[in-house]
Structure formats: C-alpha cells, structure tokens
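Participant: I would like to see how this sequence folds:
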Amino acid sequence: MENQKSNPLQKYFRQPKIYLTLPSGGKFYPAGSLEISESGEYPVFPMTARDEIMIKTPDALLNGEATVAVIKSCIPAIVDPWNMPSMDLDACLIAIRIATYGEKMEVSIKTPVTGEEKDFDIDLRVMLDQFTNVDYNSVILLDDMKINLRPLSYGEFTTTSKSTFEEQRIFQVLNNNELSEGDKLATFNESFKKLTDLTIVTLEKSIESIEIGDDVVSDREHIKEFIANTDKTLFEKVTNHVENQRKLFQVKPLVVDATPEELEKGVPETYEVPVTFDQSNFFV
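Facilitator: Modelled structure (predicted):
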C-alpha cells in the first residue's frame, strides 16, 4: 500500500501558545483520561473556527458537550474531559482563552450604590496564577475515622449543575397565579426534596473510602447507608469541607478601586466583582 503523502500545509497548522500546569497536578484522572506529562506542563492550542461556533451554541453549553469538545481540541492531552476533575475546569478555560485571544480580557462591571456600568480590563495570567499553590485536601479526620475524598469529575459536576438548574427553574412557577396554593406548596415541596437529594448524592460521590482502624470501606452502598444514617454534625463537617475545597479552585472575585468621582457618590473605596465563566461571553 502506498504511504499517504504528508500534508504540505502542516507547518501552517496551529501551534501551542502556552503551557498549563493543571491545578490537580494530574491526580484524580482515571486511567487513559490524561496523557501524563513528565514536566507537569500541558500544551494549550488556540481555538479553531469550529471550536468558536461550538462554544457559542446554547444547548451544547448547557449539557457540557461544547466545553468537552473545545478542551479536547485545545488541550489534547486531556483525552476524556468528562473524567477531568472539576477543579481543573476554570484553569483550562482561562488557558484556552489566553491561547486564543491573549492575556487581557475586558469585562463590564456594575458599580455599587450608583449602578453605573463601566468596562474593566483583567489580566488572565494573574487569574491563572491563583491556582499555582493551591492543594486539594482529600482527607478528613473525624474521631477514629479517616474519610478519603475526591473531587467530582466534570461529567458529574455537569449532571449535578443541570439538575440543580432545572429544579430551581421550577420554583419560578410559584409566581404563577393560575396555580392554587395547594399546587404551589406541592411543587415547592417536591423540588426542595429533589435539591436535598442532589446534595446528598453529591456528597456520596465525593467520598472515595472511609478507614476505621484496619478496615477500609469503599463499597458504594455502605457509604450511601452511612451518609443516610450519620448525625447532623458529622454530615455538616464533611459537607463544609467538600464545599471549602471546591471554592479553593474557583477564581477569586475581582477587587476594584473606586475612582475619586465614585467616592463622592458614596461608592466604597474598594468593592468586589465576581468573575463568572459563562462561555457565551467569556469566549468573545
């Protein structure tokens, strides 16, 4: 069989623009989900035209398909982004944004007190550096128990977020005057129960195993039964730890200094602006 001729245009293909150190350090990836780099750095390519179309498709964004496709395209070492630990998500998106559009990003912010809008430039490199020295604490010691945790995968995170979004939308029907008070109460109770169940399921998935002396419990049904029957204090300690670890790997709010004109109008000297990664406006 004749060897296929190499493409003479190959030298014009996109090249890596930056190299990313994953916040997870490459941990928590199932076998085959990540091509491990000996240096710990992973090449990040700019988006293609097809990637840009994908990332701006609302339905594909909601179910996570667009994010997965773009990460596979731009960070090919992440073979299966669905299995990527969710702690790596923000860093990957920032790195892809830098590789495609550069280090600066203009955001519109609303000034407190006055409500006036203004544009503000942020340095994405600084945001990316926030993850450099953050470590995931995967162990909780409670009395004679050692609880081993893991971050949710991006697939699990997306499923949970989508379910939460759908249930929260249902609360909007409570403003529907066509429903009786009885129907509103029934709808509220059902949605509240589902959201509570989601919290419990998320916690169950976050527990890898529990050690008591020489015994190691990793059976999912046993862990599920433990969560269902533990007391409120222990449940809250584990839940708070999981939530605090999740927040460590989120981008910190932007701290903005008020201008002299704003100070005269009663605006605080400094104020925080949350930075959200809504791909519909992040990748523009």
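Participant: now the closest residue in space to residue 150 that isn't next to it in sequence, what's its secondary structure?
Facilitator: Leaving aside its sequence neighbours, residue 150 sits nearest to residue 208 (Cβ to Cβ, 6 or more residues apart in numbering; 4.7 Å). (Glycine included, C-beta is placed from N, CA and C.) Recorded secondary structure, residue 208: strand (DSSP: H, G, I helix; E, B strand; the rest coil).
Participant: Would you list the phi and psi of residue 242?
Facilitator: phi -60, psi -40 (degrees, to the nearest 10).
Participant: for the closest residue to it other than its chain neighbours, what are its contacts?
Facilitator: Nearest non-adjacent residue to residue 242, counting by Cβ to Cβ, 6+ apart: residue 206, 5.0 Å away. Contact partners of residue 206, counting by Cβ atoms under 8 Å, 6 or more residues apart in numbering, are 149, 150, 151, 152, 242.
Participant: Mind jotting down where the strands sit in the stretch 1-150 of the chain?
Facilitator: Here the stretch 1-150 of the chain has its strands, by DSSP state E, counting those that start in this stretch, at 18-21, 41-44, 104-110, 117-123, 139-142, 145-149.
Participant: what packs against the first one?
Facilitator: So that's strand 18-21. Where contact means 3 or more Cβ pairs under 8 Å, 6 or more residues apart in numbering; DSSP states H and E, strand 18-21 is packed against strand 41-44, helix 89-101.
Participant: And those, which one averages the lowest pLDDT?
Facilitator: Here those differ in mean pLDDT, and the lowest is helix 89-101 at a mean of 93.
Participant: on contacts alone, who are the packing partners of that one?
Facilitator: With contacts defined as 3+ Cβ pairs under 8 Å, 6+ apart, the packing partners of helix 89-101 are strand 18-21, strand 41-44, helix 65-74, helix 124-129, helix 279-282.
Participant: report the angle between the axes of it and strand 104-110?
Facilitator: Here helix 89-101 runs at an angle of 120 degrees relative to strand 104-110 (axes from the mean of the first three to the mean of the last three Cα atoms, to 10 degrees).
Participant: quick one: helix 89-101 to chain centroid distance?
Facilitator: Distance of helix 89-101 from its chain centroid, counting by Cα atoms, centre = their mean, to the nearest Å, is 13 Å.
Participant: Flag every buried residue along stretch 18-38.
Facilitator: Buried residues in stretch 18-38, counted by 16 or more other Cβ atoms under 10 Å: 18, 20, 21, 22, 23, 24, 26, 28, 29, 33, 34.
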